[in-house]
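> Below is the structure, and that's it, no one-letter string:
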């Protein structure tokens, strides 16, 4: 136990002495987060997607739907009922949902009073919603004037739905944390272990009573401390600059930071075992990590990628780490709902350390 704590403290001292590495390791993800968050994070889409529920199924309701279909700036989608339409508003698939209730045509024929069309919108995305409501209200107003000599027969009834509104920066920050964990452990472990092997440090350790398990445990503890501190700083800086909040459990977030650290450390030990020297460890680690930056959902949603590569993307550890962090930080999903991410990261952890035990070399 004494050897474990001494090795852990020694590794932390190595980190502390190399202040340039720590500074730029933290500075790079922060600069990247601030740059992308500032340029793209605050932007909301101005395209208008309107869902329509036709409860009347008459010629008059068909004519109203045609008015929206003829507008080039509006994309329409038909929903069977209000429940599914509201879910689409909450999830962001559509900005507005307009309902044409039963009796719409009959009321137009009677022309005794104005007929209200319920239009549901997202209360937490007021910029897009207000723009959409203005467009819809203009179309309905013009339609009403065309029906009867400028006497409005149809008005809009605004009904707000409380829904989650995520900015790009909300999507980006968990990805940046996942990227930092991947880079610190794969590149850092591979480079450091290869350098220690070349300098004979590992050979001298092997000649002592030190067990391999103690050496690995000390490495894990030191890097967990480093990664946890850096992840916390990134989240705090994001909260300060972009008002990012952790919606879910901090314990769940810490759990996935630990699990991700262990999984990527295992991959780092594999690279360290395969690399012949420190000069080759860096390019090998870069060859593995660079594609994962773009295929792992760090900067772009995985669902937007071509279907051809979806099966490959969905087994990458970075994809499930970034997904677990997003669902915890952005959506507040409880830990028990993230079983798939836990199992896949756990499989990479176990499989990675099993393979590392075969390829790792002390000399």
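That came through fine. Being a predicted model, the structure only gives us computed values, none of them experimental.

> I'd like to know which helix or strand in the chain has the lowest mean pLDDT.
In the chain, no helix or strand scores lower on mean pLDDT, DSSP states H and E than strand 154-161, which sits at a mean of 64.

> Which neighbouring elements make contact with the helix or strand just after that strand?
Once the chain leaves strand 154-161, the next helix or strand it forms, by DSSP states H and E, is helix 168-198. In terms of contacts (3 or more Cβ pairs under 8 Å, 6 or more residues apart in numbering; DSSP states H and E), helix 168-198 is packed against helix 19-36, helix 201-206, helix 212-242, helix 250-274, helix 278-295, helix 317-326. To be clear about C-beta, it is placed using only N, CA and C from the backbone, and glycine gets the same treatment.

> Distance from the chain centre to the shortest one, please.
Looking back up the chat, that one is helix 201-206. 41 Å (Cα atoms, centre = their mean, to the nearest Å).

> And the fifth one, by the same measure?
Put simply, helix 278-295 sits 22 Å off its chain's centre (Cα atoms, centre = their mean).

> average pLDDT across it?
Average pLDDT, helix 278-295: 82.

> Can you give the contact residues for it?
179, 182-183, 186-187, 190-191, 193-195, 198, 267-268, 271-272, 274-275, 298-300, 305, 309, 312-313, 316, 318-319 (Cβ atoms under 8 Å, 6 or more residues apart in numbering).

> Buried subset of the residues you listed, written for PyMOL?
This is the PyMOL syntax for the buried subset of the contacts of helix 278-295, where burial follows 16 or more other Cβ atoms under 10 Å:
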select buried, resi 179+182+183+186+187+190+191+193+194+195+198+267+268+271+272+274+275+298+299+305+313+316+318+319
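
> hang on, isn't residue 118 packed against residue 99?
Yes. Using Cβ atoms under 8 Å, residue 118 makes contact with residue 99 at a distance of 4.5 Å.

> what about these two, which has more around it?
residue 99 (22 against 15; other Cβ atoms under 10 Å).

> Looks to me like that one is in a strand.
Yes. Residue 99 forms part of a strand when assessed by DSSP: H, G, I helix; E, B strand; the rest coil.

> Distance-wise, check it relative to residue 89.
Separation of residue 99 from residue 89 (Cβ to Cβ, to the nearest Å): 12 Å.

> Between the helices and strands packed on helix 168-198, which one is closest to residue 141.
With Cβ to Cβ as the measure, helix 212-242 is the member of the helices and strands packed on helix 168-198 nearest residue 141 (38.1 Å).

> Which of the residues in that closest one are classified as buried?
Those would be 214-216, 218-224, 226-227, 230-231, 234-235, 237-238, 242, for helix 212-242 by 16+ other Cβ under 10 Å.
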